[in-house]
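Student: 3D model of this:
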Amino acid sequence: MLKTNKPYGIRDVQRALNLSSPSIAQYHMSKLEHAGLLKREGGNWVVNRVMLDNRIKVGRFLIPRYFFYTIFAVVVFLGGFIIKLDASGWEYIYFMVATLLFVLIFGYETSKVWLKGKL
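Tutor: Below you'll find the model as predicted:
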């Protein structure tokens, strides 16, 4: 129902979900609003597309897309320790520092998105 970007009121949600009272719909909508999945516009709710754009749905979980970049950067960083590239000292240090920087940036972005939309 809330997949479109059109505003929905309490009665619309109650009818669409077959809820027994508007207060139950109000409760659930306010929970979704608090989690950042919905936002209020003129007394009605609309889907917060910005919040959902930074996430990927896996099963019933919303995972920040930066999480996958973080995992990839960690694997490359650990692979650098295991392989110990056949490069001179400066090239190896540059590679490890750059990879560690990517791990830190993606890790920060992942945690920021994850904490912002906690249910």
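Student: switch to C-alpha atoms for all contacts and neighbour counts from now on
Tutor: Will do.
Student: burial measure for residue 98, as a count.
Tutor: Under the neighbour criterion other C-alpha atoms under 10 Å, residue 98 is assigned a count of 14.
Student: give me the number of residues near residue 109?
Tutor: Residue 109, neighbours per other C-alpha under 10 Å, totals 16.
Student: equivalent analysis for residue 45, please.
Tutor: 23.
Student: same thing with residue 83?
Tutor: 8.
Student: quick one: contacts for it?
Tutor: Listed by C-alpha atoms under 8 Å, 6 or more residues apart in numbering, residue 83 has no contact partners.
Student: helices or strands up against the host helix or strand of residue 46?
Tutor: Applying DSSP states H and E as the criterion places residue 46 in strand 44-47. Using 3 or more C-alpha pairs under 8 Å, 6 or more residues apart in numbering; DSSP states H and E, the elements in contact with strand 44-47 are strand 38-41.
Student: list the contacts of the strand it packs on.
Tutor: 7, 29, 32, 33, 45, 46, 47, 48.
Student: state the pair within the residues you listed that is farthest apart.
Tutor: The two members of the contacts of strand 38-41 with the most space between them (C-alpha to C-alpha) are 7 and 32, at 14.3 Å.
Student: re earlier: got the contacts of strand 38-41 as a markdown table, with pLDDT columns?
Tutor: Compiled in a markdown table, the contacts of strand 38-41 are given as follows (pLDDT from 0 to 100):
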| residue | pLDDT |
| --- | --- |
| 7 | 77 |
| 29 | 85 |
| 32 | 81 |
| 33 | 81 |
| 45 | 79 |
| 46 | 80 |
| 47 | 76 |
| 48 | 69 |
